[in-house]
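Participant: missing the sequence, but the structure's below:
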């Protein structure tokens, strides 16, 4: 992987592309957790009062559930399903 170039360019290797892909997606997950965690703890009225934020967060989590089911191991998948259930439950309580 360190010497094979993807067909698009010779400026990178498959190894660098793989590491970059994983790093960028990890940063996205950390940003999601930090942002939504902060809003849930420090500004719950902003988070739970916004249908838009609720839908974006739910779509993000469900996207990761789909990825987890298709590509990852069962522990990650179960954790994502649990996170999605808890997330949805909290919004259901907030809307009730």
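Facilitator: All right, it came through fine. None of these values were measured; they are calculated from a predicted model.
Participant: and the helix or strand harbouring residue 46, which residues are buried?
Facilitator: For residue 46, the host element (DSSP states H and E) is helix 44-48. For helix 44-48, the neighbour count (16 or more other CB atoms under 10 Å) marks 47-48 as buried. Backbone N, C-alpha and C define where each C-beta goes, glycine included.
Participant: which neighbouring elements make contact with it?
Facilitator: On a contact count with 3 or more CB pairs under 8 Å, 6 or more residues apart in numbering; DSSP states H and E, helix 44-48 meets helix 14-42, helix 51-71, helix 74-95.
Participant: ok, and what's touching stretch 81-96?
Facilitator: Residues outside stretch 81-96 that contact it (CB atoms under 8 Å, 6 or more residues apart in numbering) are 40, 48-49, 54, 57-58, 61-62, 65, 68.
Participant: buried residues in that stretch?
Facilitator: 81, 84, 87, 91.
Participant: ok, so of those residues, who is nearest residue 9?
Facilitator: Ranked by distance to residue 9 (CB to CB), the buried residues of stretch 81-96 are led by residue 84 at 36.6 Å.
Participant: so what's that closest one scoring on pLDDT?
Facilitator: With respect to pLDDT, residue 84 scores 93.
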